[in-house]
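# I would like to see how this sequence folds:
(one chain, ligands or ions: 1)
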Amino acid sequence: MAYLQLKDVTFKYPNGFSAVENVSMSFELGEKVAIVGQNGAGKTTTVKMMNGLLKPTLGDVLSNGESTKGFTTAQISKKVGYVFQNPDDQIFHSNILSEIKFGPKVLGFSPEKEKEMLELAIGLTELHDYLDENPYNVPLSLRKFITIAAVIAMDSDVLIFDEPTAGQDFDGVKKLSKLIDKLIEMGKTVITITHDMEFVVNNFDRVIVMAHKNVLADSDVRDVFWQLDLLEESMLKQPSISQVAHRINLESKVLNVDEMVSEISKVKVKTS
Ligand SMILES: Nc1ncnc2c1ncn2[C@@H]1O[C@H](COP(=O)(O)OP(=O)(O)OP(=O)(O)O)[C@@H](O)[C@H]1O
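Sure, this is the predicted structure:
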């Protein structure tokens, strides 16, 4: 059985608006999965059901075999941690270190475990120099890393990042890739919602495409980004380099610069 399962879930907001309808998806431990789709497709609503912030109106969410229905978000956070899209919705301490320490405290970690998790979280997010600062004295791009550190420190089995690359520069995106790789190496599952298709092809193997409150595709990254009709229906774009490959009728379904360079070198060899 998969570690995390959404079984035919539907979610209606209190105003009666149905944001997600009959969605099923499942995740094993150690998987790295991107969720993509146009604004309003239902991505955030879906992942908020994974850690119990929202409970499905219909259907069931199971983490490690147990339905989220009987548990609070705090209880579920040991298994599934969620980093909010907007860090300001998550941060509530006036000091960065206290914000990161909060999860381990609530979860009752031993002092040794708390120290270990804090070192890991602060190390991966490179926040050492800011620990005494008020979170609102650092830029939004760093506030995002505070919220990521706070969730890493909880040692959840599954970590969900909602739009982590938004507002990040080149170094920020590199830091994200590195920390995701480390979490995967530790056997965790990382699920990331993103609008950054370059980030998807450079970091993820499995991609879930959402549109119209539902899942349109759940497949290998190359398969997703070379199904042009699927991209059109979900209003997504190929990564720029794939668009170039498509425009020049390159046979190979390239996804990144390295693959493109490799294909072009082959052509050069053939014509020389
Ligand atoms: N609290 C709410 N009450 C009513 N409707 C809501 C609420 N939150 C979200 N919605 C609506 O639910 C739909 C799905 O929103 P959701 O945030 O899940 O989409 P999304 O795919 O994550 O979009 P984005 O990429 O813009 O974050 C949208 O139409 C949104 O306006």
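
# Would you check how far apart the spatially most central residue of the chain and M235 are?
Centroid-nearest residue in the chain, with C-alpha atoms, centre = their mean: T192, separated by 1.3 Å. From T192 across to M235, the span is 19 Å (C-beta to C-beta, to the nearest Å). Just so you know, the C-beta spots here come from the backbone N, C-alpha and C atoms, and that holds for glycine as well.

# Mind listing the strands the helix or strand hosting the residue nearest to the centre of the chain pairs with, and their directions?
Taking DSSP states H and E as the definition, T192 sits inside strand 189-193. If you go by DSSP bridges, strand 189-193 pairs up with strand 32-36 (parallel), strand 158-162 (parallel).

# tell me the contacts of the nearest residue to the residue nearest to the centre of the chain once chain neighbours are set aside?
Take T192 and drop its neighbours on the chain: the residue closest to it by C-beta to C-beta, 6 or more residues apart in numbering is F161, 4.5 Å away. By C-beta atoms under 8 Å, 6 or more residues apart in numbering, F161 lies in contact with V83, I148, L176, I180, V190, I191, T192, I193.

# Identify the residues contacting the fourth one.
Taking C-beta under 8 Å, 6+ apart as the contact definition, I180 lies against K32, F161, V190, T192, N203.

# So, low pLDDT: which residues of the chain?
For the chain, the stretches with pLDDT under 70 are 268-272.

# can we see that at 80?
Within the chain, the stretches with pLDDT under 80 are 267-272.

# Just the helices from it, written as ranges.
Taking DSSP state H as the criterion, the chain carries its helices at 43-50, 73-76, 96-106, 111-125, 140-152, 170-185, 197-203, 221-225, 228-233, 240-247, 257-271.

# So which of the contacts of F161 is the closest to S24?
S24 lies nearest to I191 out of the contacts of F161, by C-beta to C-beta, at 14.8 Å.
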